[in-house]
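In: Here is the input, now give the coordinates:
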Amino acid sequence: MKIVVECSCQVPYEFEIEPVDGQMPGPVLCPTCGADGTEYANWVIQDTLAREQTAETPPPGEPAEATDEAAPGLPKFCHIHKDQPVEAFCFACKKPICLKCMKQFGFFCGPYCRTRAEEAGMDIPVYEGQDRLVRAREYTNTTRIGTAILLLLVGLFVTYEWYTLFGQKPSVKFSMPLANNERLIHAQFLSDHELLLVNSDKVSVYDFKKDQPVWSKSLASYRSKPPPSPSPTELADEAGDAAKPATPQTTAAQQAAQRKLAAQLATYEDYFDAGPSARVVGDAIWVTLGRNVICFDRATGAEKAKTQVEGRIQEMTFGDNAMVVVSAKGAYDYVFTRIELPSGAPQSEQRSLPPPPPRPVKAFDPDAPVQEDLSVPAEQHQFVAAGSTVAELDVKLVEKKFVSVQTMKALKTGQFDEGIKVTQTREVAEDVFNEMRMRDTGGVAKVDVSRYAVTLQRVFGKDAAPWTGEVVGPPSFFTLKTVDVLVAGKVMYVFNKNDQLMWQSNLSYPIARQFRSHESEWGGSRRDSAVAPCLERGDTLYFFDQGVLTAFEVKSGKARWRMPSVGVSSIQFDDKGMLYVATTSAGPESIQYYEQVSMDRIEPIIVKVDPATGRALWRVEKVGDECHLSGKYVYLTRAQTSSLDVIASMSKGGGGGIPTHFRLYRLNPKNGQQLWECYRPTHPSQLDFHGNEILLQFHDKLEVLKFLSL
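Out: Here you go, the predicted structure:
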């Protein structure tokens, strides 16, 4: 019998032998390495004999193949790795092989048998656990994953570049033309797809995504109609008919006609409709028109409540549980109507102010001395509506006093005696303008430091005792959520809602002029409490004068921090509680020397401030005049006129006006970096924000802009 043995050294050798009882007659060694191949040779002999037996027809009732138990002497360990159990047999030579062999060569014991099988054209099975195939699969998977990651990175880069260049910039998503005869009084967002539109004839909710109205309500039936009376034209003709003879009867008739005309004009004035105004509170839309206050359902437009007040409606404010409507009857009578929410039950209070005393008209005398002191009224009355209450402020002059302050620096003399250099053009222009202004004003201004007696009381607060005190300087009054602030000169007084003085504090500077009450007012006046140099949030009161922003504790008045900044015009908070301040680059000298002409341009600045410490987190200069916050978005707007437009308008005789260029910016709230800029050649009459949507109203169209946000 011919025996072929493949040694563990991968060198096969063969020999002829006659087996004895199915075994080798003696040991056999590898001629190359000397390894013992007797056991493997015995397995080959037994395997050969078994194949010869299976070639014969087996007897009936006996199995065709012997089982492992019926084949004594089969090897139990790999012929190469002696300590590894048999896992399979070589597909070519039938030697026992283990998993280690299969990981290297598959179903073969070595490359020799694989080569023989390939040369014989055998159908070679594949062992998936072979190292070569495993590495190939790992390489393929790694290549696929790497390719996918690379494609993903390329896609992200392309997407980011597209987003930076196009996606994040706003585009017009909706546009509605406005007819010349259709004056849109009010427009604002109600949601991410709805607009509230109010004009003189109707109020409507418009779905700009579907480009169709949700509902529309005519206002014609809500207009107040004056009672019937004689024609004012006939009364005017009768009152001023000079052709009639001057008899006692005709004179009495003319006087009666004049009284009727005056009464009718007053009646028409009371009923005069200045156009509707609207406020959205929760699920209700409140509209004032003429003498009527109407509440519409926000979803359907159905009328929920209606109240008629006296006089012309001028203002409405909302509190937590009530609203206040301010109306005027004539020049000196005010009616305040408190409407409970949501019941709509009204409560009215009327305040009548004395008319001003007649001022004598003196004949002009060129030799009379010029009056140096400013005119100060002996009495002033203010009504400040805020939320569900109205504060009444009565001011009486106690002692009139003015002081002179220097508003310009002294002019420099002799600075250009040696000639003017080319680099001194700006200094020359400043000197010329300052000299002209010095001749006009003298560089001196009068400051009112008179003493005033102030009485503070509530219109709808009969249980609260009024506060009376004396202040120096004309007072200005502002109402907040839980406290009220009275400012006079460089002192601020803080009151609770029961008119009790909580504390007072000295200021570094007076408040800015746009927040002061008019010093020459007589009779009744109202101030918009929303425009104020103070803001209350939590347990902190933020107040700014002309040069310092200060954070006070509401209860004690203790100053937590101060931030010097000249020209602060507004402060507001974002949805994360961060403070945004709109201020300027002006210096402290500009407060005192406000009449001084300087060619140094004062630029607007927006500062993000940590409200806990007063530390500036970032600042943006020369970008926007006003800051608008909507959710997580920060917008800046700026309106500018071009000198070329001014020259063009002057060349046309001033016709058509000077266009105001409008720019809208979006900033990154984390670092103040500008993300995009949007330009319009004209300034919108109304502007509103809702997240990443922007509403612009122009005289001829309404636009909704939208941008993608990551």
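In: in the protein, which spans are helices?
Out: Along the chain, the segments classed as helices by DSSP state H run 38-55, 99-105, 111-120, 131-162, 232-239, 248-271, 425-441, 589-592, 643-651.
In: now the first one: mean pLDDT?
Out: Helix 38-55 carries an average pLDDT of 77.
In: Would you mind writing the CA trace of it as CSV?
Out: The C-alpha coordinates for helix 38-55 follow below in CSV (Å, rounded to 0.1, in the frame of the first residue of the first chain):
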residue,chain,number,x,y,z
THR,A,38,3.6,6.7,12.7
GLU,A,39,0.2,7.9,14.1
TYR,A,40,-0.6,9.8,10.9
ALA,A,41,0.4,6.8,8.8
ASN,A,42,-1.8,4.5,10.8
TRP,A,43,-4.7,6.9,10.2
VAL,A,44,-4.0,6.9,6.4
ILE,A,45,-3.9,3.1,6.4
GLN,A,46,-7.3,2.9,8.2
ASP,A,47,-8.8,5.6,6.0
THR,A,48,-7.7,3.8,2.9
LEU,A,49,-9.1,0.5,4.1
ALA,A,50,-12.4,2.1,5.1
ARG,A,51,-12.8,3.6,1.6
GLU,A,52,-12.1,0.3,0.0
GLN,A,53,-14.8,-1.3,2.2
THR,A,54,-17.4,1.5,1.3
ALA,A,55,-16.7,0.8,-2.4
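In: buried sites along it?
Out: By neighbour count with 16 or more other Cβ atoms under 10 Å, helix 38-55 contains the buried residues 39, 40, 41, 42, 43, 44, 45, 46, 47, 48, 50. From N, CA and C alone the C-beta is placed, and that goes for glycine too.
In: residues contacting the second one?
Out: What that stands for is residue 40. 5, 6, 75, 79, 95 (Cβ atoms under 8 Å, 6 or more residues apart in numbering).
In: Roughly how far does residue 482 sit from residue 502?
Out: 10 Å (Cβ to Cβ, to the nearest Å).
In: Let me have the helices of the chain in JSON lines, extended by distance to residue 623.
Out: As requested, the helices of the chain are exported to JSON lines (distance: least, Cβ to Cβ, whole Å):
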{"stretch": "helix 38-55", "distance to residue 623": "89"}
{"stretch": "helix 99-105", "distance to residue 623": "68"}
{"stretch": "helix 111-120", "distance to residue 623": "76"}
{"stretch": "helix 131-162", "distance to residue 623": "24"}
{"stretch": "helix 232-239", "distance to residue 623": "54"}
{"stretch": "helix 248-271", "distance to residue 623": "46"}
{"stretch": "helix 425-441", "distance to residue 623": "24"}
{"stretch": "helix 589-592", "distance to residue 623": "21"}
{"stretch": "helix 643-651", "distance to residue 623": "20"}
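In: for the record, mean pLDDT for stretch 98-106?
Out: Stretch 98-106 comes out at a mean pLDDT of 89.
In: my bad, stretch 442-455
Out: 92.
In: do stretch 157-164 as well
Out: 82.
In: Just give me how far it sits from the chain centre.
Out: On the basis of Cα atoms, centre = their mean, to the nearest Å, stretch 157-164 is displaced by 23 Å from the centre of the chain it belongs to.
In: what's in contact with it?
Out: If you take Cβ under 8 Å, 6+ apart as the criterion, stretch 157-164 is touched by 708, 710.
In: switch to 10 Å and redo it
Out: 167, 168, 169, 675, 676, 707, 708, 709, 710 (Cβ atoms under 10 Å, 6 or more residues apart in numbering).
In: Of these, just the buried ones, ChimeraX syntax please.
Out: Of these, the buried ones go into a single ChimeraX selection, burial set by 16+ other Cβ under 10 Å:
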select :168,169,707
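In: Narrow the contacts of stretch 157-164 to those in strands?
Out: 675, 676 (DSSP state E).
In: Would you mind checking which of the contacts of stretch 157-164 is nearest to residue 548?
Out: residue 675 (31.5 Å; Cβ to Cβ).
In: so that closest one makes contact with residue 668?
Out: Yes - using Cβ atoms under 10 Å, residue 675 is in contact with residue 668, at 5.8 Å.
In: Residue 471 pairs with what?
Out: residue 452 (DSSP bridges).
In: If I average pLDDT within each of the helices of the chain, which one is lowest?
Out: Among the helices of the chain, helix 232-239 scores lowest, at a mean of 56.
In: what separates stretch 441-448 from the chain centre, distance-wise?
Out: Worked out by Cα atoms, centre = their mean, stretch 441-448 lies 42 Å from the chain centre.
In: okay, stretch 535-546 in CSV with CA atoms only?
Out: Coordinates of each C-alpha in stretch 535-546 appear next as CSV, following Å, rounded to 0.1, in the frame of the first residue of the first chain:
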residue,chain,number,x,y,z
LEU,A,535,-36.6,97.8,34.1
GLU,A,536,-37.6,95.4,36.8
ARG,A,537,-36.7,91.7,36.7
GLY,A,538,-36.9,89.3,39.7
ASP,A,539,-35.6,91.0,42.8
THR,A,540,-33.5,93.6,40.8
LEU,A,541,-34.3,97.1,39.5
TYR,A,542,-32.1,98.2,36.6
PHE,A,543,-31.9,101.9,36.2
PHE,A,544,-29.8,104.1,33.8
ASP,A,545,-29.1,107.8,33.8
GLN,A,546,-27.1,109.7,31.2
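In: got the buried residues for that stretch?
Out: 535, 536, 537, 540, 541, 542, 543, 544, 545, 546.
In: re the thing from before, from the contacts of stretch 157-164, which single one is nearest residue 586?
Out: The nearest member of those to residue 586, counting by Cβ to Cβ, is residue 675 at 27.6 Å.
In: show me what contacts that closest one?
Out: Residue 675 touches 164, 168, 169, 633, 634, 665, 666, 667, 668, 707, 709, counting by Cβ under 10 Å, 6+ apart.
In: Take the contacts of stretch 157-164 and write them to a markdown table, including distance to residue 103 and pLDDT.
Out: As requested, the contacts of stretch 157-164 are exported to a markdown table (distance: Cβ to Cβ, whole Å; pLDDT from 0 to 100):
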| residue | distance to residue 103 | pLDDT |
| --- | --- | --- |
| 167 | 52 | 75 |
| 168 | 55 | 82 |
| 169 | 59 | 87 |
| 675 | 58 | 92 |
| 676 | 60 | 93 |
| 707 | 58 | 92 |
| 708 | 53 | 88 |
| 709 | 54 | 79 |
| 710 | 49 | 72 |
